[in-house]
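A.B. asks: From the sequence below, what's the structure:
(chains A and B)
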Amino acid sequence: MGTVSKTFGRVVGLAAAAALATTLSVSARETITVYTAVEPEELQGFAEAFQADNSDYEIQWVRDSTGVITAKLLAEGENSPADIVWGLAATSLLMMAERGMLEAYAPAGVEKLSPALMDKQDPPRWVGQRAWVASVCVNTYEAEAKGLPMPATWEDLTKPVYKGHIIMPNPASSGTGFLDVSSWMQIWGEEKAWDFMDRLHENIGIYSHSGSAPCKMAGRGEYPIGISFAYKGAQLKGEGAPVEVVAPSEGLGWDLESFAILKSAKNKAGAKALADWSVTERANRMYNEAYAVVAMPGIATPVEHFPANIEEKMIDNDFAWAAENRARILEEWEKRYGSKSAPK
Amino acid sequence: MSAQDIEATAGPAFPSIDRGRLVSTLGVLTGVALLLVFVAAPLITIFLKSLQNDSGTFVGLDNFVRYFSSAGLIQSLFNSVQIALTVTVIACGLAFGYAYALTRTCMPFRGLFRAIAMIPILAPSLLSAIALIYLFGNQGMIRELLFGNSVYGPIGIVLGITFYVFPHVLMIMVTALSSADARLYEAAEAMGTSRWRVFWTITVPGARYGLISAGFVVFTLTITDFGVPKVIGGNFNVLATDIYKQVVGQQSFSMGAVVGLILLFPAILSFSVDRIVRKRQVAQMSARAVPYAPQPSKGRDRAFFVFCSLVSVFLIGILGTAVFASLVTYWPYNLSLTLAHYDFNAIDPNGWSSFTNSLEMAAWTALIGTCVIFLGAYFVEKADTLPFARGLLHMLAMIPMAVPGLVLGLAYVFFFSTPTNPLSGLYGTMAILVLSTVVHFYTVAHLSFVTALKQLDKEFEAVSASLKVPAYKTMLRVHVPICLPLILNVAIYLFLNAMTTVSAAVFLYAPDTKLASIAVLNMDDVGDQAPASAMAIMIVLTSVSVKLLQVVVTRSLLARSSAWRNRETA
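C.D. replies: Residues are numbered from 1 along each chain as shown, chains lettered A, B, ... in the order given. Presented below is the predicted three-dimensional model:
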């Protein structure tokens, strides 16, 4: 009995020592709590690269969809555990800037970035990292089986042949969905855009609640055509899914993955270190691994499986207009298409 | 002079009783205080929020006016009610037949069928929706069965939720049908009454309270469930997804609060009716009743065997499909099997940690929840002071059942994330997840304990008081051992629900406290249905193990601590 309890004591002691050692080695690095909407599979790489350059800090990710992260931050307000928001839609950051939640900070080297892709104030409250661009994912296998021609324009998607075969994100649930609607309005003007959407609506199978789901659904052939964004489609194609990414010729809506330091940040030094790192060339080259358009001009190389010249098709996006008119547009959208009772 | 007055005047002469009183007074007051803070206050906060605009200015009923004047609401409300009614009819019909087979026939394998019927309770509600897409989606294995109708919409929602609510209804139905007076049936037989007439004049009226109660439970569960319509609802809007759209899609908390409060109405209505109905059921069985025991009848038993087999095929089929979905490499183009979808560390930044978080959260919920709820019920039922406060405690304990998880979660965010709230330190911790889950499932556990404690004779307390045994000792030596199987049951109930719940936790989890059920929701959200199924299956496996453990532990506990139960057979 005595030996058992002795052994037990030793084991507990060792375990405690080990636990203490782990705690110490971890606490040697200070934690930065980062809220993000960046695709989960990319996060590990970013954290490792940043930590390799900054041995004092360790990133703790809180990853969720754009909508949930935005809602969380707005609800938490000053009590948010987040130090910095990183890779969240500029549209969302505009809302936070308006409420005075963001700390203006010019990261070291920010002048090397394209000024169009950050907050107009100096120092900027938010800084863009890379753009995600609307695109259409087409399942080539299903398209052939069902005799669907490859669409080249947004207008093509309203042809009767596509009836019931298209899935797009619901703009009331998903930022990507709203990005599409607002881009059509900016391309054609509101009246023509509504007319287009009336006709497109006839072909929509379902509106999804998430922005990346349409492309994934297209990849699995659940709905052969998904209105989503280019990155998701290129990624699926890379994984071997029978998907082609199409960039309609009329123009493409886009939003910026951006970062911003919170006024309520508990670890401001850490947040600033990450902000500084995020505008470096190294970071921008990493952004470029998955996205074709990044904040630092002149360094982007074409991304595999992306539609060619996607940058030229990006519309001159007026974020402020989109933010101001969002509620009104969504109300009208819900009135026209929201209460469709059964899918066609 | 009433008995209480005598006790009161005699009080000082018996200091131990006085101390007992002090303890119960403190207990009741603590209970009331806890429920005020963790149930009432957050709900009041969400109510206030619905009267403000998004920048926090008071706008009266403007938000409600705005919401009611939009065409979308009427449609969502109509859709929600339509779905809830359909599910209620289907689920109650199926569960009644199934429960009838389990209690009133001599069908073989009744134990097995009873176990199969519990499958849905072990899984998050999203699991059925994902499985239905694999079965009936546009690439589904057996989509022809829908004759060209789309599973995205009412059909999918009804099927998915029917799966999810089935065990809940079944349990109520089994209870309702278990107690029948055999004398009525004997009399009917003696008079040569037809079977059909016996069924409608004896069986159904005897179980009517159970039926009504079950109906309302399904109605509430259906109208407040958010997972199934989110995954498979397509363009079919319901109130639960409207909250999601307002809060997550448009970051409008005020409007989210408005929809949340609207969602409270059907829940409160059905809940109140349920309470009234349950109260009437008490005097159903008279003391002279003889328990009914079914006699074998070949044709009937066979028919019910076929019926139960069909229902079981549906239940097992859904689970089986989810298992299949989690193992297929790339549906529907690459059907080779793989375990890659279980490699959560490679798929999600939180990886396996969300699974271990869930285990931790569920364990704390079971432990703390069981203790707190038992004590609460004990003070409501057995304390001999403060009748008003005890009534209040009981009433507060009833509220959570009527509050949809999504509304509760939102209310917690509003209440606990306010920096001026002294409890705001709880925000973002494991503790708040445990608290919200305990509160979410408080009512059912509370009612079970109250019912059990009511059955214990008041004489236990009277005797201990006269022997000057402190009340807490009586509780530990009498009430707890007698209630032990139920205590274990409640702990398991809390554990399973904590493993599968999504709605309340979705707004409350923090970087290091993400849960497995949330991971299922998130992975499905970005279209990763295979890993989402894999995580859901991990939850099912955990639930099954815990359930098996419960069976073993209950057996040994009953054998050891409750030998008194077996006196008649000994």
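
A.B. asks: Count the residues that sit near the residue of the stretch 1-150 of chain B found nearest chain A.
C.D. replies: Residue of the stretch 1-150 of chain B nearest chain A, by C-beta to the nearest C-beta: B:Gln75 (3.7 Å). Placement of C-beta: from N, CA and C, glycine included. A total of 19 residues lie near B:Gln75 under the criterion other C-beta atoms under 10 Å in any protein chain shown.

A.B. asks: Which strand or helix spans it?
C.D. replies: In this structure, B:Gln75 sits in helix B:71-104 according to DSSP states H and E.

A.B. asks: Tell me which other helices or strands that helix touches.
C.D. replies: helix B:110-117, helix B:154-178, helix B:204-224, helix B:239-244, helix B:253-281, helix B:298-327 (3 or more C-beta pairs under 8 Å, 6 or more residues apart in numbering or on different chains; DSSP states H and E).

A.B. asks: Most tightly packed of those helices?
C.D. replies: helix B:239-244 (a mean of 27; mean count of other C-beta atoms under 10 Å in any protein chain shown).

A.B. asks: hmm, who's touching it?
C.D. replies: Helix B:239-244 is contacted by residues A:173, A:209, B:72-73, B:76-77, B:80, B:223-226, B:229-230, B:233, B:256, B:259-260, B:262-263, B:404, B:406-407, B:410 when judged by C-beta atoms under 8 Å, 6 or more residues apart in numbering or on different chains.

A.B. asks: Do me a favour and average the pLDDT over that helix.
C.D. replies: Helix B:239-244 carries an average pLDDT of 87.

A.B. asks: Could you find the closest non-adjacent residue to A:Ile299?
C.D. replies: A:Asn284 (5.8 Å; C-beta to C-beta, 6 or more residues apart in numbering or on different chains).

A.B. asks: Excluding chain neighbours, what is closest to the residue in the stretch 101-250 of chain A that chain B sits nearest to?
C.D. replies: Across the stretch 101-250 of chain A, no residue is closer to chain B than A:Lys216, which sits at 2.7 Å (C-beta to the nearest C-beta). Excluding the flanking residues, the one nearest A:Lys216 by C-beta to C-beta, 6+ apart is B:Gly527, at 2.7 Å.

A.B. asks: For the closest residue to chain A within chain B, give me its contacts.
C.D. replies: Residue of chain B nearest chain A, by C-beta to the nearest C-beta: B:Gly527 (2.7 Å). By C-beta under 8 Å, 6+ apart, the contact list for B:Gly527 reads A:210, A:212-213, A:215-217, A:219.

A.B. asks: the strands in the stretch 1-150 of chain A, which residues?
C.D. replies: Secondary structure of the stretch 1-150 of chain A, counting by DSSP state E, counting those that start in this stretch: strands at A:30-36, A:57-63, A:84-89, A:102-103, A:127-139.

A.B. asks: how deep is B:Thr30 tucked in, by neighbour count?
C.D. replies: So B:Thr30, with other C-beta under 10 Å, has 15 neighbours.

A.B. asks: Strictly from the record, what residue spans define the domains of chain B?
C.D. replies: Under automatic domain parsing, the residue ranges defining each domain of chain B are B:14-48+B:349-561, B:51-176+B:205-282+B:299-331.

A.B. asks: want to throw these into JSON lines with distance to A:Leu256?
C.D. replies: Shown next, in JSON lines, are the domains of chain B (distance: least, C-beta to C-beta, whole Å):
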{"stretch": "domain B:14-48+B:349-561", "distance to A:Leu256": "20"}
{"stretch": "domain B:51-176+B:205-282+B:299-331", "distance to A:Leu256": "18"}
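
A.B. asks: wait, which of these is closest to A:Val246?
C.D. replies: domain B:14-48+B:349-561 (18.4 Å; C-beta to C-beta).

A.B. asks: quick one: low-confidence parts of the stretch 1-150 of chain A?
C.D. replies: By pLDDT under 70, the weakly predicted segments of the stretch 1-150 of chain A are A:1-28.

A.B. asks: Quick check, the residue in it closest to chain B?
C.D. replies: Closest point on the stretch 1-150 of chain A to chain B, by C-beta to the nearest C-beta, is A:Gly67, at 3.8 Å.

A.B. asks: isn't that residue right next to A:Ser173, touching?
C.D. replies: Yes - counting by C-beta atoms under 8 Å, A:Gly67 does reach A:Ser173; the two are 6.9 Å apart.

A.B. asks: Pull up the overlap in contacts between these two.
C.D. replies: With C-beta under 8 Å, 6+ apart, A:Gly67 and A:Ser173 have common neighbours B:248-249.

A.B. asks: roughly how far apart are the residue lying closest to A:Tyr291 once chain neighbours are set aside and A:Leu252?
C.D. replies: Distances taken as C-beta to C-beta, 6+ apart put A:Arg130 closest to A:Tyr291, at 4.3 Å, once the chain neighbours are dropped. Distance, A:Arg130 to A:Leu252, using C-beta to C-beta, to the nearest Å: 15 Å.

A.B. asks: What angle do helix B:253-281 and the helix holding B:Gln75 make with each other?
C.D. replies: 30 degrees (axes from the mean of the first three to the mean of the last three C-alpha atoms, to 10 degrees).

A.B. asks: which of the residues in helix B:71-104 are buried?
C.D. replies: Going by neighbour count (16 or more other C-beta atoms under 10 Å in any protein chain shown), the buried part of helix B:71-104 is B:72-73, B:75-77, B:79-81, B:83-84, B:86-88, B:90-92, B:94-104.

A.B. asks: Same check on stretch B:29-36?
C.D. replies: Applying 16+ other C-beta under 10 Å to stretch B:29-36 flags B:31-32, B:34-35 as buried.
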